[in-house]
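Asker: Sequence plus the predicted model coming up.
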Amino acid sequence: MKNSVAYDVRKLNIGDFLWIVQALNGDKVEAVLDYIIERKRLDDLSKSIVDGRYQEQKFRLKQCGINNLIYLIESLKNTNNPGILSPAALNQAIVNTQVAEDYFVREVSNPLEMACYLVTLTKHLIAHFKNKTFHVVCGDEMGNYKSTYDNSEHYVMTFESFNSDVIKTKPPTVKEMFARSLMQINGMSIDNVLAMTEMYPTPTLLLKAYSQCKDEKQRKLMLASIKKVTSNRKLGKALSTGIEMFFNNKTY
């Protein structure tokens, strides 16, 4: 315990920092608060963007069952190292992560500033949640419950359930493989992909829906009204048309 903040070092199958609550009645059940942090040094962020790991990591975070996703990015003194993207390219990636994909991004200049941020956030969460009531549910049931920041009661999953559900070596489902293929379409953010695969979890279901459209115009607009979960914004006509061309135009 330093700075009056208790911490524990454990293996996480996703993310770098999260917060756990424990029962006051002596039960050994541990539950996960709805906050998780992925830490990135600027050089690692740059390399992960180039090799595709960044998109994969964001996709897995979106599916982990935690809603408040934080990227903690540590800058470097020398951004001219080999392999580092230009400042403009990195800034664009960070803005896209914040605006289009609804992550909170915090940039820090060194490990000490990062530690101070973690301490400050931890104390804030303790103060806010100390008088709240928590209901522990299984990870796959979290989608059935909604809690907002100011609710007096919150639904949380066990740490064991959280950590086992996100094991990277589990064989991908058809839905996950379909989602990854959709991410290759220009303009498809992670939130767009998740919204679309909630309605059409497999390519077969999507193609079946297309086949039931009365004409090409209806096909092109079929996905336009799908709403993202996080922002309630629609996919829109342009993206719907692009997806339709990807799946139906033989010369695309």
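Answerer: Okay, I see it. Numbers count the residues shown, from 1 in each chain.

Asker: And the longest strand seen in the chain, what's buried?
Answerer: Secondary structure of the chain per DSSP state E: the longest strand is strand 30-41. If you call a residue buried by 16 or more other CB atoms under 10 Å, then strand 30-41 has these buried ones: 30-40. All C-beta spots, glycine's among them, are computed from the backbone N, C-alpha and C.

Asker: for these, which one is nearest Ser189?
Answerer: Nearest to Ser189 among these is Glu38, at 17.0 Å by CB to CB.

Asker: tell me the centre residue of the protein?
Answerer: The chain has Lys62 as the residue nearest its centroid, 2.5 Å off, counting by CA atoms, centre = their mean.

Asker: residues in contact with it?
Answerer: Lys62 is in contact with 69, 101, 190-191, 194, counting by CB atoms under 8 Å, 6 or more residues apart in numbering.

Asker: Thr97 now?
Answerer: So Thr97 contacts 58, 71, 103, 105 (CB under 8 Å, 6+ apart).

Asker: How much space separates it from Ile20?
Answerer: Using CB to CB, to the nearest Å, Thr97 is found at 26 Å from Ile20.

Asker: can you give me the helices in the stretch 101-250 of the chain?
Answerer: Counting by DSSP state H, counting those that start in this stretch, one finds helices in the stretch 101-250 of the chain at the ranges 111-129, 159-165, 174-182, 190-199, 203-211, 216-221, 237-248.

Asker: Among those helices, which comes closest to Val136?
Answerer: Val136 lies closest, by CB to CB, to one member of the helices of the stretch 101-250 of the chain: helix 159-165, at 9.0 Å.

Asker: residues near Asn192, how many?
Answerer: Using other CB atoms under 10 Å, Asn192 has 24 other residues around it.

Asker: my bad, Asn96
Answerer: 14.

Asker: residue contacts, it?
Answerer: Counting by CB under 8 Å, 6+ apart, Asn96 has contacts Ser189.

Asker: switch the cut-off to 10 Å
Answerer: By CB atoms under 10 Å, 6 or more residues apart in numbering, the contact list for Asn96 reads 58, 103, 189-190.

Asker: Kindly state the pLDDT recorded for it?
Answerer: The confidence metric pLDDT takes the value 84 at Asn96.

Asker: Please apply the same query to Lys234.
Answerer: pLDDT recorded at Lys234 is 88.
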